[in-house]
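# what follows is a predicted protein model with its sequence.
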Amino acid sequence: MFAIFLGDGAELRPLEPWQAEEFLAHLDRARDAVDPWVPWASRSTDLDSARASLQRYADLAARDAGRLYGIWLDGTLVGGIMFVAFDAVAGTCEIGCWLEPAGQGRGLITRAAGRLIDWAVHVRGIRRVEWLTRLENTASRNVAQRLGMRLDGVLREQFPYRGVRHDTEVWSLLAAEWAGRSAEHGR
């Protein structure tokens, strides 16, 4: 296993099915803060469903179609970041994230996303990185902006949540735009 140190006692590591118990405990702490933004959070309510969520990403990783990483702060899982979608042939990927309150306000998501973008662009040849967020998720929008992403547009009523359809902002970053920023993110 590997760990990427994010500074200030935080590290980024793979989050895998064998860690379902730790993942479920984390989601129980994070549920109120995460559920409106991350669709599988409300479906991971017991050990079997938490393991299934993690297995879904393990299967995506095996197909080179997605990946899931946890963010640990002082040894405690406080959030994560993932390639929601990853298509090396098309040169595109989508990054998503979540964080429980104990990890918020420390720049963890921005640093972790920078590491994922750097790897996707410089190692895998990804040309376009996308970041999707609901309009009311100000924290997510702020991360996209800190990463140098541009708002491409809004997908109206794209995201269903508890019987209501919400608009989704699409942010993106092109490989050429990242080249000048990657030094800021540890490359």
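That came through fine.
# any idea how far the residue of the chain most remote from its centre lies from P14?
For the chain, the residue at maximal distance from the C-alpha centroid (Cα atoms, centre = their mean) is G163, at 24.3 Å. G163 sits 35 Å away from P14, taking Cβ to Cβ, to the nearest Å as the criterion. No exception for glycine: its C-beta is placed from N, CA and C like everyone else's.
# and T92, by the same measure?
Using Cβ to Cβ, one obtains 22 Å as the distance from T92 to P14.
# L27: how many residues sit nearby?
Using other Cβ atoms under 10 Å, L27 has 23 other residues around it.
# ok, and the closest non-adjacent residue to it?
With sequence-adjacent residues excluded and distances taken as Cβ to Cβ, 6 or more residues apart in numbering, L27 is closest to S44, at 5.3 Å.
# and what of R165?
Spatially, and ignoring its direct neighbours in sequence, R165 is nearest to E157 (3.8 Å; Cβ to Cβ, 6+ apart).
# against which helices or strands is the helix or strand hosting W119 packed?
Secondary-structure assignment from DSSP states H and E places W119 in helix 108-122. Applying 3 or more Cβ pairs under 8 Å, 6 or more residues apart in numbering; DSSP states H and E, we find helix 108-122 packed against strand 4-7, strand 10-14, strand 67-73, strand 76-87, strand 92-99, strand 128-134, helix 138-146, helix 175-179.
# can you tell me how far the residue nearest to R165 is from D48?
32 Å.
# now do A139
When A139 is compared with D48 (using Cβ to Cβ), they lie 30 Å apart.
# of these two, who's got more company?
Higher neighbour count among A139 and D48: A139, with 14 against 11, using other Cβ under 10 Å.
# still on that earlier bit, now do the buried residues in the helix holding W119.
For helix 108-122, the buried set under the neighbour-count rule, 16 or more other Cβ atoms under 10 Å, comprises 108-118, 120-121.
# go through these and name the one nearest W171.
Using Cβ to Cβ, A113 is the member of those that sits closest to W171, with 11.1 Å.
# distance of that closest one relative to R162?
Taking Cβ to Cβ as the measure, A113 falls 27 Å from R162.
# and for F86, the neighbour number?
Should you count by other Cβ under 10 Å, F86 turns out to have 22 residues around it.
# tell me the bridge partners for the residue lying closest to it once chain neighbours are set aside.
Ranked by Cβ to Cβ, 6+ apart and with sequence neighbours excluded, the top spatial neighbour of F86 is C93, at 4.5 Å. When bridges are taken as DSSP bridges, the partners of C93 come out as F86, V129.
# C93 against R67, yeah?
No: contact between C93 and R67 fails when scored by Cβ atoms under 8 Å: they sit 9.4 Å apart.
# related to what we said a few turns ago, closest one to D167 among the helices and strands packed on helix 108-122?
Comparing these by Cβ to Cβ, strand 128-134 comes nearest, at 7.0 Å.
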